[in-house]
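sequence and predicted model, in that order:
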Amino acid sequence: MGLIRAYLVAGGKYHDIDYARVELLKLLGEFEDVRVRVGEDYSDLEAIREADFLVTYTCDVRPTTEQAAALRDFVAGGKRWLALHGTNSVMEFVAGGVECPRDTSGFVQLLGSQFLAHPPIAPYKVTVSNPDHPLVAGIDSFEANDELYLCEYHGELESLLETRFTGQAAGFIEVDWPTDEPRLVMYINRVGDGEVLYCTLGHCRSKYDMRPVMDEYPITERGSWELPVFYELLRRGLRWAQRVD
């Protein structure tokens, strides 16, 4: 196929970014034609523009207006972006809990969703909503012990995986979620000639990842990284990003 250039953004807060970065680099290393550059945010626009595809694992990493516009141009120009877990998060700790102010840069509209809250981590059922799509074909329903993302959606999204939830998201300002409707776990957002594939799975956290909220987090959380099906979804997503059939 020839050289394929990837750019991985792995950075942010409240998660074990080191763990996710290493796991994603190991998966990218399975593709002999792929060479990867890595950043903690979206500031290296030249490197992003030169990439053939983008992969992100972040939490509360907010692009500037200029960076958000460049990301839209990247996708709309015909490239693909595999966005994972907290990429769509904008969070502030305020009196009363975690607030997720609405992004105005166009970033979450490009992604197709904005994270607003999640209930306490507990197992939940993930079902396949489009079993004929190659990204999820042959995947059975599975149980994820992960953060169940409650989001505001933008655009015409193609749902691939979903779950259901009604109840409260304790600790968040937007605490009440009474409507029984699909909560998208993986979907495609088409923008111009390109596409974003978003997967909300992949929470991970360890000892020092909640600073300055607390000095030491008491447990290690690996979420869906403990599931073989998650790695299968990631491998399919990386092949999709490269346009490998």
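Arrived safely.

drop to CA atoms for contacts and neighbour counts, all remaining ones
Noted.

so which residues make contact with stretch 78-88?
52-61, 75, 108, 111, 113-115, 192-203, 237-238, 241-242 (Cα atoms under 8 Å, 6 or more residues apart in numbering).

and that stretch, how far from the chain's centre?
6 Å (Cα atoms, centre = their mean, to the nearest Å).

try stretch 84-101
14 Å.

next: stretch 131-145.
Worked out by Cα atoms, centre = their mean, stretch 131-145 lies 17 Å from the chain centre.

where does this protein have its least confident helix or strand?
strand 92-94 (a mean of 95; mean pLDDT, DSSP states H and E).

which residues in this protein form helices?
Secondary structure of the chain (DSSP state H): helices at 17-28, 45-50, 65-76, 107-111, 228-241.

just say which of these is most tucked in.
Each of the helices of the chain was scored by mean neighbour count; the highest is helix 107-111, a mean of 23, by mean count of other Cα atoms under 10 Å.

mind exporting that one as PDB, just the C-alpha atoms?
The C-alpha trace of helix 107-111 is given here as PDB (Å, rounded to 0.1, in the frame of the first residue of the first chain):
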ATOM      1  CA  PHE A 107     -15.500  20.900  17.600                       C
ATOM      2  CA  VAL A 108     -18.300  18.800  19.000                       C
ATOM      3  CA  GLN A 109     -20.400  19.300  15.900                       C
ATOM      4  CA  LEU A 110     -17.600  17.800  13.900                       C
ATOM      5  CA  LEU A 111     -17.400  14.900  16.300                       C
END
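
which strand residues bridge the residue nearest in space to the middle of the chain?
Nearest to the geometric centre of the chain sits residue 84, at 1.9 Å (Cα atoms, centre = their mean). Residue 84 has these beta-bridge partners by DSSP bridges: residue 57, residue 199.
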